[in-house]
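Colleague: with the sequence up front, the predicted model follows.
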Amino acid sequence: MGPELTTTHEKQTHTTHAGLAAWVEQVAELTQPRDIRWITGSPEEWTELTDELVEAGTFVRLNEEKKPNSFYCASDPSDVARVEDRTYICSVDEKDAGPTNNWMAPDEMKARMTELYRGSMQGRTMYVIPFVMGHLDAKVPMFGVEITDSAYVVVSMLVMARCGDNVLRKIEETDAAYVPALHSVGAPLAEGQADVPWPCSDTKYIVHFPEERTIWSYGSGYGGNALLGKKCYSLRIASAIARDEGWMAEHMLILKLTSPKGSVHYVAAAFPSACGKTNLAMITPTIPGWKAEMVGDDIAWMRFGEDGRLYAVNPEFGLFGVAPGTGASTNPNAMATIEKGNSVFTNVALTDDGDVWWEGMTDEPPAHLTDWHGNDWTPEDGKAGRLSSHPNSRFCTPASQCPMIAPEYDNPDGVPIDAILFGGRRKTTVPLVYESRDWTHGTFIGATLSSETTAAATGAVGVVRRDPMAMLPFLGYNASDYFAHWLSIGKGADASKLPRIFGVNWFRRDEEDGSFLWPGFGENSRVLEWVVARLEGEADAVETPIGLVPTEGALDVDGLDLTPEQVAKAIAVNASDWEKELPLIEEWFGKFGDQLPAELWAELDGLKARVSGH
Ligand SMILES: Nc1nc2c(ncn2[C@@H]2O[C@H](COP(=O)(O)OP(=O)(O)OP(=O)(O)O)[C@@H](O)[C@H]2O)c(=O)[nH]1
Ligand SMILES: O=C([O-])CC(=O)C(=O)O
Ligand SMILES: [Mn+2]
């Protein structure tokens, strides 16, 4: 980089980083925006952008007294969730994407998308967002730069990631590598054409080039498809980096627990989208003397520390949480977080006094609402089954506002993980809690994790599918290689220092009346109490074919409105259920054939033998 160049680029493009300046110019050349705006992260910029979004009709400013500096937003009704069928891993070799990902040859995909991007930003501002996932002062800061033509994306990124000038300066000073992440809503405006509140395209592509550590996204403005630092970078691209560098990028919350006697444990938990991560991360324990603090609610990056333990950091800066079901009785900490304002609410309902509401926020809905489609809504509509808010409506809010955020959140080295939980949404079969025998068995529990699909992705809801480590839609490479990576993490470590692995299921139903067998939410602290007691060698467990479950009486159910039969049903491991599960696991592993690590086939054989009793 010559000094003359530096000066010119500084003037023209706000950066002294020649590579970045060239990329920005090249994208502008292709997409033909009206102008270019570099995102600095200043408070004035936030005000300007949100004012513009209000002006454009994309945002409605909420009542300052109820939700200061906060906004309501309704998306196009077709653009409400991740689009898994339009999400691609474009590795050079198809086999590196594996049988669970969509794949296209990188050149072919680039040719196709280049045509889509050609002129796609016409009439719009192109924003350049320098960001870092994790801490700016991490040993190796993980930089990215998102180019987008959506101000909604900019405002959301400002909440969700550390963004702006200080990030850019550090990229320049250290001449650092960054993940280029290109996003366009794919809705160019012709001369004089009026804009719509939520521009998007019927053609959508969410594309990852794992070898080049590059992301191209087109056609959607929705969170997981468009806020490219989140799932696209911190899971799909980061998982490929982590495989190469010997660490782990996982779809996990991180929770700090302090027991009544003062011992501290850090727990990570992988649950599929809309299966309870944010809620567990913000848990209010119902049992006396326990304290819970949130480190992260969605993503964990874990690396071995010098002491041989696995340390996790939350790479994010904000929370992008499922709104429905979030209320004072289920998640008071989330409610307190959004009360502080500085938030964006997408596809929820608007109250007549300029606040937001959604199903599950309060027992009684307000007498009148404007629903997420912009129509009048009354409790009568609710009784008729018409939802005021989309099931995947979201709050986007600064993590730092969470009243129970752990001080360790600010530690770039992270926290040492003592236990990992794998959980899904299963009406039957899977018990409330069980423990693996060892890391390999725990990897098997993760690799065979199953869950009913939710509204977080487009498509049918409630269908049971395998969702390994809750990463099915977020893996940047071949799932069988990912399982091998998990096993190799175990092999390379001192077993006594590895986190212990558990399975959980908050969602089991009573077969007789269909009700939840376990009250969930704050009461999940009772399960955490058993997990901690196991870690401390203070709780007994019984062997079952699938792992260790609490002995009768080991789970503290004091004061719960549950009969002993209900508790027994919640933790039961029924051979007849597992006989039905075995062929499903076999079919799942069959996708990988002899690519699947032999240890996992051996685990399956062991499970079969134990279930059938010999
Ligand atoms: N019955 C029951 N429902 C729960 C429990 N925990 C969470 N839920 C509900 O499950 C839905 C999703 O919960 P979240 O905590 O937002 O899920 P998440 O895993 O963070 O979802 P993503 O942000 O999409 O990754 C919400 O409607 C919650 O109210 C629980 O313990 N029991
Ligand atoms: O990525 C998103 O859009 C929201 C989310 O957290 C998920 O779906 O898991
Ligand atoms: Mn969440």
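Modeller: Sure thing, it's come through. Ligands and ions are numbered 1, 2, ... in the order given.

Colleague: and the residue in the chain positioned nearest to ligand 2, its phi and psi?
Modeller: Closest residue of the chain to ligand 2, Cβ to the nearest ligand atom: Gly224 (2.4 Å). In this view, the C-beta of every residue, glycine as well, is placed from N, C-alpha and C. Main-chain torsions, Gly224, degrees, to the nearest 10: phi -60, psi -20.

Colleague: is Gly19 in a helix, a strand, or coil?
Modeller: Recorded secondary structure, Gly19: helix (DSSP: H, G, I helix; E, B strand; the rest coil).

Colleague: got the residues of the chain near ligand 2?
Modeller: Within reach of ligand 2 by Cβ under 6 Å from any ligand atom, the chain has these residues: Arg82, Gly223, Gly224, Lys230, Lys231, Ser273, Asp298, Phe320, Ala456.

Colleague: which one of those is nearest to Glu552?
Modeller: Ser273 (34.5 Å; Cβ to Cβ).

Colleague: looks to me like that closest one is in a strand.
Modeller: No - assigned with three-state DSSP, Ser273 falls outside any strand and is coil.

Colleague: contacts only, for it.
Modeller: Ser273 makes contacts with Arg82, Thr454, Ala456, Ala457, Ala470, Pro473, as judged by Cβ atoms under 8 Å, 6 or more residues apart in numbering.

Colleague: ok, which pair from those is furthest apart?
Modeller: Top of the distance list for the contacts of Ser273 (Cβ to Cβ): Arg82 and Ala470, 13.4 Å.

Colleague: ok, the residue in the stretch 401-550 of the chain that ligand 1 sits nearest to to Ser343 distance?
Modeller: When scored by Cβ to the nearest ligand atom, the stretch 401-550 of the chain has Gly520 as its residue closest to ligand 1, at 2.5 Å. Gly520 sits 25 Å away from Ser343, taking Cβ to Cβ, to the nearest Å as the criterion.

Colleague: could you do Trp23 as well?
Modeller: Distance from Trp23 to Ser343, by Cβ to Cβ: 32 Å.

Colleague: next one: Asn411
Modeller: 25 Å.

Colleague: which of the two has more neighbours?
Modeller: Using other Cβ atoms under 10 Å as the criterion, Asn411 and Ser343 rank with Ser343 on top: 24 against 13.

Colleague: which secondary structure element contains the nearest residue to the more buried one once chain neighbours are set aside?
Modeller: Nearest-residue entry for Ser343: Thr397, 4.0 Å, with adjacent residues in sequence omitted and distances by Cβ to Cβ, 6 or more residues apart in numbering. Thr397 belongs to strand 394-398 when elements are defined using DSSP states H and E.

Colleague: can you list the strands that whatever helix or strand comes next after that strand pairs with?
Modeller: Next along the chain after strand 394-398, taking DSSP H and E as the criterion, comes strand 415-416. Strand 415-416 pairs in its sheet with strand 310-313 (antiparallel), by DSSP bridges.

Colleague: any weak-confidence spans in the stretch 351-500 of the chain?
Modeller: Counting by pLDDT under 70, the stretch 351-500 of the chain contains no low-confidence segment.

Colleague: and it, which of its residues are near ligand 1?
Modeller: Counting by Cβ under 6 Å from any ligand atom, the stretch 351-500 of the chain sits next to ligand 1 at Ala456.

Colleague: same thing but at 8 Å, please
Modeller: Where the stretch 351-500 of the chain comes near ligand 1, counting by Cβ under 8 Å from any ligand atom, the residues are Gly360, Asn392, Arg394, Arg425, Thr454, Ala456.

Colleague: how about the lengthiest helix in the chain: buried residues?
Modeller: With secondary structure taken from DSSP state H, the chain has its longest helix at helix 575-590. Neighbour-count burial for helix 575-590 flags Asp577, Trp578, Glu581, Ile585, Trp588, Phe589 (criterion: 16 or more other Cβ atoms under 10 Å).

Colleague: how far does that helix sit from the chain's center?
Modeller: Mean C-alpha position of helix 575-590 versus that of the full chain (Cα atoms, centre = their mean, to the nearest Å) differs by 28 Å.

Colleague: so who does the residue of the chain found nearest ligand 3 touch?
Modeller: Taking Cβ to the ion, ligand 3 has its nearest neighbour within the chain at Thr278, 3.4 Å off. Going by Cβ under 8 Å, 6+ apart, Thr278 touches Leu253, Asp297, Asp298, Leu319, Gly321, Val322, Thr326, Asn331, Ala334.

Colleague: at 7 Å instead, please
Modeller: By Cβ atoms under 7 Å, 6 or more residues apart in numbering, the contact list for Thr278 reads Asp297, Leu319, Gly321, Val322, Ala334.

Colleague: now, those that are in strands?
Modeller: Leu319, Gly321, Val322 (DSSP state E).
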